[in-house]
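> Requesting a structural model of the entry that follows:
(one chain, ligands or ions: 1)
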Amino acid sequence: MSLEEKTSVRTPRLFVVSGPSGVGKGTLVERVRQLRSHIGVTVSATTRPPRVGEKDGVSYHFLSDEEFERRVAAGEFVEWAWVHAHRYGTLLSEVEAVLGRGESVILEIDVQGGLNVRKIYPDAVLIFVDAPSEEELERRLRGRGTESEESIALRLQNAAEERELARSYDVHMINDVLEVATDELLATLDTYER
Ligand code: 5GP
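Below you'll find the model as predicted:
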């Protein structure tokens, strides 16, 4: 099947893409979104402070601890989780808006979150993206230049736990060469939207 943009009818699906921090899933998902314009976008909420260049409401909804807590209590999240000492969550309103338009959606969230999404949306397709090796993951995390030594160590430790939890994921793939991984992810989306 061609990986060109298809014009035929698709079944809208909720995809979850998870993987260790630094694996490059953000770049991967970004490329796939550019090539599949029918896929809707949701913006997660987090209590972590914005990095340089990140915009509120675009990268994330940056919330205070109190505001995040208020929304948890109000039942506004499909899932939320502690990741690297901060809270991250997917707002139900964001997901429902996209699915309501008949569009597929990709949630780029951690594994705990992905498994919680499956409880609410049993048809969700869970995809785990890993690095070719532990050394390569560490190299990518360092190369990003945004994390402290402490944060890098925490993220590497979390990677091992995520891998274990992700054993029940539907699809496992390796992001070695970005172009190859992009094609693989596109093919996966096309298969499940058929
Ligand atoms: P970062 O701080 O590097 O932007 O993201 C750290 C981690 O939080 C990533 O592994 C990402 O997948 C996860 N994350 C981002 N948004 C969400 C969300 O809405 N829910 C959950 N559970 N995890 C998220």
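
> And stretch 145-164, what's buried?
Across stretch 145-164, burial judged by 16 or more other CB atoms under 10 Å covers Glu147, Ile152, Leu154, Arg155, Leu156, Asn158, Ala159, Glu162. To be clear about C-beta, it is placed using only N, CA and C from the backbone, and glycine gets the same treatment.

> Could you work out the most separated pair of those?
Pairwise distances across the buried residues of stretch 145-164 (CB to CB) peak at 16.3 Å, for the pair Glu147 and Glu162.

> Near the ligand, which residues of the chain are found?
21, 44, 48, 79, 81, 83-84, 88-90, 108-110, 113 (CB under 6 Å from any ligand atom).

> now these as a markdown table including neighbour count and pLDDT?
Shown next, in a markdown table, are the residues of the chain next to the ligand (neighbours: other CB atoms under 10 Å; pLDDT from 0 to 100):
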| residue | neighbour count | pLDDT |
| --- | --- | --- |
| Ser21 | 22 | 89 |
| Ser44 | 19 | 93 |
| Arg48 | 15 | 97 |
| Glu79 | 25 | 94 |
| Ala81 | 18 | 89 |
| Val83 | 21 | 82 |
| His84 | 14 | 79 |
| Tyr88 | 22 | 95 |
| Gly89 | 25 | 96 |
| Thr90 | 27 | 96 |
| Glu108 | 21 | 91 |
| Ile109 | 24 | 90 |
| Asp110 | 24 | 89 |
| Gly113 | 23 | 92 |
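
> Adding secondary structure, write the residues you listed out as a markdown table.
Output for the residues of the chain next to the ligand, formatted as a markdown table (DSSP: H, G, I helix; E, B strand; the rest coil):
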| residue | secondary structure |
| --- | --- |
| Ser21 | coil |
| Ser44 | coil |
| Arg48 | coil |
| Glu79 | strand |
| Ala81 | strand |
| Val83 | strand |
| His84 | coil |
| Tyr88 | strand |
| Gly89 | strand |
| Thr90 | strand |
| Glu108 | strand |
| Ile109 | coil |
| Asp110 | coil |
| Gly113 | helix |
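
> and the residue of the protein nearest the ligand?
Gly113 (2.4 Å; CB to the nearest ligand atom).
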